[in-house]
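[1] Sequence first, then the predicted structure, then my questions.
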Amino acid sequence: MRKITNKSPNRLIDMEFNIPLFNAEKQMYLCIDVSEIATSPGGKDYNIMLSEVKGLNYAVPERVDVNMFIPTDAGGIASLHMVEVRPTGSDIKLAKWTTDKEHISSLAGLKEVLYNMAKTM
């Protein structure tokens, strides 16, 4: 069994993120799952599943996934793709973002990147 460390992506589960999709400034999303999709010599692919926190009357997606590629090299560029997951199975691409790996190496940095990513839409 693998030990969960402070840097484990599973630490994101049950955390809330302010993701202002479609100018919904106070909209929060709850991380429901994090899975490692693939590992390659160049880096790792992760999928972060976020569910809308009800309570505000915003017309926002109920579920959003963020697919992330994190390179193994220290100064690498990470890429993120945000998609709306629809019940019909046809996902809608919402945003694409690239950033230095160091910007998503902390929880505060990841929150800021997700916030800024949503603000660009």
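    Okay, I see it.

[2] now the helices: where do they sit in the protein?
    Per DSSP state H, the chain carries helices over the ranges 107-119.

[3] Now do the strands in it.
    16-18, 28-40, 43-52, 63-71, 77-84, 92-100 (DSSP state E).

[4] between those, which one is nearest to residue 10?
    Minimum separation from residue 10 across these (CB to CB) falls at strand 28-40, 5.6 Å. Backbone N, C-alpha and C define where each C-beta goes, glycine included.

[5] any idea how far residue 29 lies from residue 21?
    9 Å (CB to CB, to the nearest Å).

[6] When these two are compared, which one has more neighbours?
    Counting neighbours by other CB atoms under 10 Å for residue 29 and for residue 21 shows that residue 29 has the greater number, 25 against 21.

[7] Quick check: nearest residue in space to that one, chain neighbours excluded?
    residue 50 (3.9 Å; CB to CB, 6 or more residues apart in numbering).
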